[in-house]
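Trainee: everything below, folded, please.
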Amino acid sequence: MIKNDCYVPLFTVCVLYTQAMGNKEWREFGRTEVIDNTLNPDFVRKFILDYFFEERQNLRFDLRLEKPLGGIPGKKCGTVIVKAEELNNCRESVMMQFCGNKLDKKDFFGKSDPFLVFYRSNEDGTFTICHKTEVVKNTLNPVWQAFKIPVRALCNGDYDRTIKIEVYDWDRDGSHDFIGEFSTSYRELSRGQSQFNVYEVSCWESCVLSLCTTGNPAQPTSLHYMSPYQLNAYAMALKAVGEIIQDYDSDKMFPALGFGAKLPPDGRVSHEFALNGNPQNPYCAGIDGVMEAYYQSLKSVQLYGPTNFSPVINHVARYASSVKDGSQYFVLLIITDGVISDMAQTKESIVNASCLPMSIIIVGVGPAEFDAMVELDGDEVRISSRGRYAERDIVQHCCRPRTSVHGNDFP
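Mentor: Numbers count the residues shown, from 1 in each chain. All right, here's what the predicted structure looks like:
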């Protein structure tokens, strides 16, 4: 937040509003605790929301003070940082109590007023505050009150996940003095005293989009037909799903690939070609850029079977296999009409990729049967190839509602 020219007590609270799908009204979902006397509030209270992948869930975070953040309209007033993580189903809670011994003396007159701040580590290596103790006044040997906390809030059910605990000396004006810190895990806490080094890992996620390009787009019966009045089935699916997953990509630059087409000038059949026509730089700026590349490719290539999934899966797997430090994660979005010609090779590619930092989302369009996509999803029967099973489930199948040829029934 912006800094005041003179000292004025600050009382900050963050209010979360949600907006139902198709509704313009914002409803208050919850609010954090009030934090006073700091320009960089770190709120302890968390919001737990149900996440629906197929829906756009708009959230609004209002940061409120007793006085306006700034007097000049449009003036930048700081940044709100929001962190989110999928919650584990762990239902355990733990009762803990901490004490200190011979802490550092930070006050010139008197002793320290120590309190503890607990941070859980996130999947990207950063830390999020999860608990704060009360302040114990004027002592170097504090005994804090016992507190109960869900294990899910402390470490998301991962007993070996790093927990960082910082010790501060409380000051009335909010400029709390740092005394020290230590790191541990829930497993080690349950055994006794421990201390570890902390390693921070940053994480980026890259989304790769791939479109099945079979069928004649000049024919009104084609799912690729470019009507002057409405989006075709592929474009509607790309826009609906793409606008949701684009927020998971840090730079919004998407490599977009097509599969199943004869390419100019020699009519070579390809199952992994750049939609923008530039194999050295297949990246498109945002979903709008992908849509534009898709439309342009329909004018320049001849759509041609068969429909093979394995080449584009292997394409992304090559990039994912080069990441050894957990710093990147890849998401491949495949939009298809349900027909697949290389089922055995696709299964093998998925099994090989199941140990890599990547996931695959398959969106089906049109009136075809999607039994093959359900099989690749592997929710009921784990996918296997040549006697080898996938190490984890990396495929999610999202079947769009059945549509007429012209897309009139497409939502």
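
Trainee: how far away is residue 155 from residue 92?
Mentor: As defined by CB to CB, to the nearest Å, residue 155 lies at a distance of 10 Å from residue 92. (Glycine included, C-beta is placed from N, CA and C.)

Trainee: more crowded one of those two?
Mentor: A count of neighbours by other CB atoms under 10 Å puts residue 155 above the other of residue 155 and residue 92, at 23 against 11.

Trainee: for that one, which non-adjacent residue is closest in space?
Mentor: Once flanking residues are discounted, residue 155 sits nearest to residue 161: 4.2 Å by CB to CB, 6 or more residues apart in numbering.

Trainee: just give the number of residues close to that neighbour.
Mentor: 16.

Trainee: what about residue 239, which SS state?
Mentor: For residue 239, the secondary-structure state derived from DSSP: H, G, I helix; E, B strand; the rest coil is helix.

Trainee: can you give me the helices in this structure?
Mentor: 151-155, 186-191, 233-245, 286-300, 310-321, 343-353, 371-377 (DSSP state H).

Trainee: so which of the ones you listed comes closest to residue 264?
Mentor: Residue 264 lies closest to helix 286-300 among the helices of the chain, at 6.1 Å (CB to CB).

Trainee: least confident of the helices of the chain, on average?
Mentor: Mean pLDDT is lowest for helix 186-191 among these, at a mean of 79.

Trainee: reformat the helices of the chain as JSON lines; add distance to residue 280.
Mentor: Formatted as JSON lines, these follow (distance: least, CB to CB, whole Å):
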{"stretch": "helix 151-155", "distance to residue 280": "44"}
{"stretch": "helix 186-191", "distance to residue 280": "48"}
{"stretch": "helix 233-245", "distance to residue 280": "23"}
{"stretch": "helix 286-300", "distance to residue 280": "14"}
{"stretch": "helix 310-321", "distance to residue 280": "14"}
{"stretch": "helix 343-353", "distance to residue 280": "24"}
{"stretch": "helix 371-377", "distance to residue 280": "30"}
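
Trainee: how about residue 110, nearest residue that isn't a chain neighbour?
Mentor: That would be residue 138: by CB to CB, 6+ apart, it lies 5.3 Å from residue 110.

Trainee: what about the one you found, how many neighbours?
Mentor: What residue 138 shows, counting by other CB under 10 Å, is a neighbour count of 11.

Trainee: try residue 178
Mentor: By other CB under 10 Å, the residues close to residue 178 number 11.

Trainee: for it, which residues make a bridge with it?
Mentor: Residues in a beta bridge with residue 178, per DSSP bridges, are residue 168.

Trainee: ok, now how distant is it from residue 143?
Mentor: According to CB to CB, residue 178 stands 21 Å off from residue 143.

Trainee: same check on residue 335?
Mentor: From residue 335 over to residue 143 the distance is 60 Å, taken as CB to CB.

Trainee: kindly report the same for residue 216.
Mentor: In terms of CB to CB, residue 216 sits 78 Å off from residue 143.

Trainee: now do residue 374
Mentor: From residue 374 to residue 143 the distance is 58 Å (CB to CB).

Trainee: neighbour count: the two, which is higher?
Mentor: Neighbour count, other CB under 10 Å: between residue 374 and residue 143, residue 374 has more, with 16 against 12.

Trainee: isn't that one right next to residue 397, touching?
Mentor: Yes - the criterion here is CB atoms under 8 Å, and residue 374 meets it with residue 397 at 6.0 Å.

Trainee: so this protein: which segments form each domain?
Mentor: Listed by automatic domain parsing, the domain ranges of the chain are 1-82, 88-202, 204-399.

Trainee: fine by me, we can end here.
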